[in-house]
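[1] Below is the sequence, then the predicted model.
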Amino acid sequence: MIEVKDIKKKFGRKKVLDGVSFTANKGEITCLIGINGVGKTTILNAIMALTPLNKGEILINGEKLNKHSFEKVTFIPDAITMLPQMTIADAMQFMQDFYKTWNQERATELLGFFRLEETEKIASLSKGNTAKINLLLGLALDVDFLLMDEPFSGIDIFSREQIAEVFTSHLVEGRGVIITTHEVHDIEHLIDKVVLLDNGVVLKEFNSEEVRENEGKSVVDVMREVYHK
Amino acid sequence: MQIDLNNRDPVYIQVIRYFKEQIATGMFEPGQEIPSRRELANKIKINPNTAQRAYKEMEEQGLIYTERNLPSRITKDEQILGAVREELIVEAVESFVTSIRSINVPVDEVLDLVKEQYTKESKE
């Protein structure tokens, strides 16, 4: 489990996170939703220990963040982080050299799953294929938690469908996923838990199937209530 | 397999309903093998935990059964299969009655219309 406990973060005088708390379980997909720049990416960065916090703490499987945390959790960015002149094979080799949690077998399987060619250059990838490569490089690591920043943003419908398919496959099975998005419509039936953020605080945290069952509301219904109060 | 999911009913209940409809219309036959939980989740793009819940519920209701390490199958229990058909019919009639009652039509007139419409549609 990832426990985010009352974290605060200021950039200069601007409070980006003003006491954010939520939990994300293994084997579940947790979705952080915020209408506009409400610090979703900052939260992911904080979980990766990439940004020092002003207050609060984050626990992964009960442990405070430490230098071994990145063996349990990985961050999948929304832009390419590999050099443009690299091929996909080079990028995979790079990951293998730097991460002992790299699982080559799974990486190869993912290549096939996404129908990508190893020889293709990073520079020549479409936006959709870039997203798939980012996903591949992250999913091929044997970690408990995957953090995905806007995995569906600005890519074509077929790439979106393929990515959605990954979420239901054994490639994610048993792991915990936290994704950020500002647009939930496509993935309403895929997510377990929703955390609604605004102005650096959590407005509501709920289980999507429970809200349907107990209140007869869709995720978007709840968003409407919470954000248009 | 095509399920039109809505966003307001619990997904596991929609899945169970789909299975019941398939059973009642004979699209799923007694003893027929059904997709694994993960295959189902993948096909209709729902959360695997939800697919798991639907299957668990259907097992408890006796709609499907799973023998160790084998794919799940539709029950062969005639009584349960009959009850599924009955349940769907009763549900459909109830919802029809509710909506027709609000228009205040005498029941005999409704029944004549139903018969007429029913034969017309099956001829088409």
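    Arrived safely, thanks for sending.
[2] element containing residue B:31?
    Residue B:31 is part of no helix or strand when elements are defined by DSSP states H and E.
[3] Give me the three-state assignment for the closest residue to it other than its chain neighbours.
    Spatial nearest neighbour of residue B:31, chain neighbours left out: residue B:76 (4.9 Å); criterion: CB to CB, 6 or more residues apart in numbering or on different chains. The way it works is simple: take the backbone N, C-alpha and C, and place the C-beta from them, glycine included. For residue B:76, the secondary structure call by DSSP: H, G, I helix; E, B strand; the rest coil comes out as coil.
[4] wait, residue A:118 sits on residue A:108?
    No. Contact criterion CB atoms under 8 Å: residue A:118 and residue A:108 do not qualify, at 9.0 Å.
[5] Break down chain A into its strands, ranges please.
    Secondary structure of chain A by DSSP state E: the strands cover A:2-11, A:14-24, A:29-34, A:55-60, A:63-64, A:73-76, A:145-149, A:176-181, A:193-198, A:201-207.
[6] For the last one, list every residue counted as buried.
    The neighbour-count criterion (16 or more other CB atoms under 10 Å in any protein chain shown) identifies A:202, A:203, A:204, A:206 as the buried residues of strand A:201-207.
[7] give the contact list for the second one.
    Put plainly, it is residue A:203. The contact partners of residue A:203, by CB atoms under 8 Å, 6 or more residues apart in numbering or on different chains, come to A:196, A:197, A:226, A:227.
[8] Now the last one: closest residue in space that isn't a chain neighbour?
    It stands for residue A:227. Closest to residue A:227 by CB to CB, 6+ apart is residue A:35, at 6.3 Å.
[9] What parts of chain A come near chain B?
    A:27-29, A:161, A:164-165, A:167-170, A:173, A:188-192, A:209, A:212-213, A:216-221 (CB under 8 Å from any CB of the partner chain).
[10] Apply 7 Å and report the result again.
    With CB under 7 Å from any CB of the partner chain as the criterion, chain A meets chain B at residues A:27-29, A:164-165, A:168-170, A:188-192, A:209, A:212-213, A:216-218, A:220.
[11] State the number of residues packed around residue A:157.
    Counted by other CB atoms under 10 Å in any protein chain shown, the residues lying close to residue A:157 total 10.
[12] okay, the strands of chain A in a markdown table with distance to residue B:57 next?
    What follows is the strands of chain A, written out as a markdown table (distance: least, CB to CB, whole Å):
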| stretch | distance to residue B:57 |
| --- | --- |
| strand A:2-11 | 29 |
| strand A:14-24 | 25 |
| strand A:29-34 | 21 |
| strand A:55-60 | 33 |
| strand A:63-64 | 36 |
| strand A:73-76 | 33 |
| strand A:145-149 | 29 |
| strand A:176-181 | 24 |
| strand A:193-198 | 20 |
| strand A:201-207 | 17 |
